[in-house]
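Novice: Sequence and computational prediction follow.
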Amino acid sequence: NRYQYEARFLRAYFYFTAVEKFGDVPFTTEVLTEDEANALPRTPAKEVLDFVVKECDAIADKLPVDYSKLGDDAAANETGRVGKLAVLALKARTLLYEASPLFNTNNDKELYHQAALASKAVIDACLANGVQLGKYSDLWGANNWQAKELIFAIRMGAMNAFEYYNYPR
């Protein structure tokens, strides 16, 4: 079932965002006891980012490009679900981050090349599946929550009840 691949994407995505914010982070793919989790050392950021890229490679073809082929109104009902394009975009962004001067202190041109190839793969996959890459300003329209070019969307609203009730205080 696709849920396991969506969960793997989310794990990779959140590890990527953790590295963005903190650099080296505690990293595991195993279930740990509380004591084990508290004793987990930081893993070098490069190793975590390499894991994110490998996860993206492993799951990209396991997820649909979009959910519109599931039937009437499926795309609207499945807004926010992870699809192949989101996986490809995460891989491209991760490789671009690895190629940045923050991690690529030797100015390794091969890292730039890998990031460019991954970014081109996202663009090609979008165009091959009828996702038109429109103007950036059009992304922020009030009626754009179902636009095909949104590859990983989070609905926003005037209320923050979900965050209020579910995040630590």
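Specialist: Noted; the coordinates are in hand. Numbers count the residues shown, from 1 in each chain.
Novice: quick one: contacts for the residue nearest to K46 when sequence neighbours are not counted?
Specialist: With sequence-adjacent residues excluded and distances taken as C-beta to C-beta, 6 or more residues apart in numbering, K46 is closest to F103, at 6.3 Å. (C-beta placed from N, C-alpha, C; glycine too.) By C-beta atoms under 8 Å, 6 or more residues apart in numbering, the contact list for F103 reads 45-46, 49, 97.
Novice: Looking at F103 now. What's its pLDDT?
Specialist: On pLDDT, F103 comes in at 89.
Novice: Quick check: the farthest pair among the contacts of F103?
Specialist: K46 and Y97 (10.4 Å; C-beta to C-beta).
Novice: just to revisit the earlier point, A helix includes the residue nearest to K46, no?
Specialist: No. Applying DSSP: H, G, I helix; E, B strand; the rest coil, one finds F103 to be coil, outside a helix.
Novice: What are the boundaries of the helices in the protein?
Specialist: With DSSP state H, the ranges of helices along the chain come out as 3-22, 34-39, 45-59, 74-77, 84-99, 109-128, 161-166.
Novice: Can you say which of those is packed in most?
Specialist: The highest mean neighbour count among the helices of the chain, using mean count of other C-beta atoms under 10 Å, belongs to helix 84-99: a mean of 23.
Novice: In this structure V122 contacts A86, no?
Specialist: No. Between V122 and A86 there is no contact under C-beta atoms under 8 Å: 9.6 Å.
Novice: In the protein, where is pLDDT below threshold?
Specialist: For the chain, the stretches flagged by pLDDT under 70 are 68-80, 139-169.
Novice: could you redo the last one with a cut-off of 90?
Specialist: The chain contains residues with pLDDT under 90 at 1-2, 64-83, 102-103, 126-127, 129-169.
Novice: most centrally placed residue in it?
Specialist: L90 (3.9 Å; C-alpha atoms, centre = their mean).
Novice: show me the contacts for that residue.
Specialist: The contact partners of L90, by C-beta under 8 Å, 6+ apart, come to 9, 12-13, 16, 52, 56.
Novice: 7 Å - rerun?
Specialist: Contact analysis of L90 by C-beta atoms under 7 Å, 6 or more residues apart in numbering lists 12-13, 16, 52, 56.
Novice: and if you look at T43?
Specialist: Shown in contact with T43 (C-beta under 7 Å, 6+ apart): 24-27.
Novice: Report the buried members of those residues.
Specialist: For those, a burial check counting by 16 or more other C-beta atoms under 10 Å picks out 25, 27.
Novice: So which of the contacts of T43 is the closest to D61?
Specialist: For the contacts of T43, the minimum distance to D61 (C-beta to C-beta) is 24.8 Å, reached by F27.
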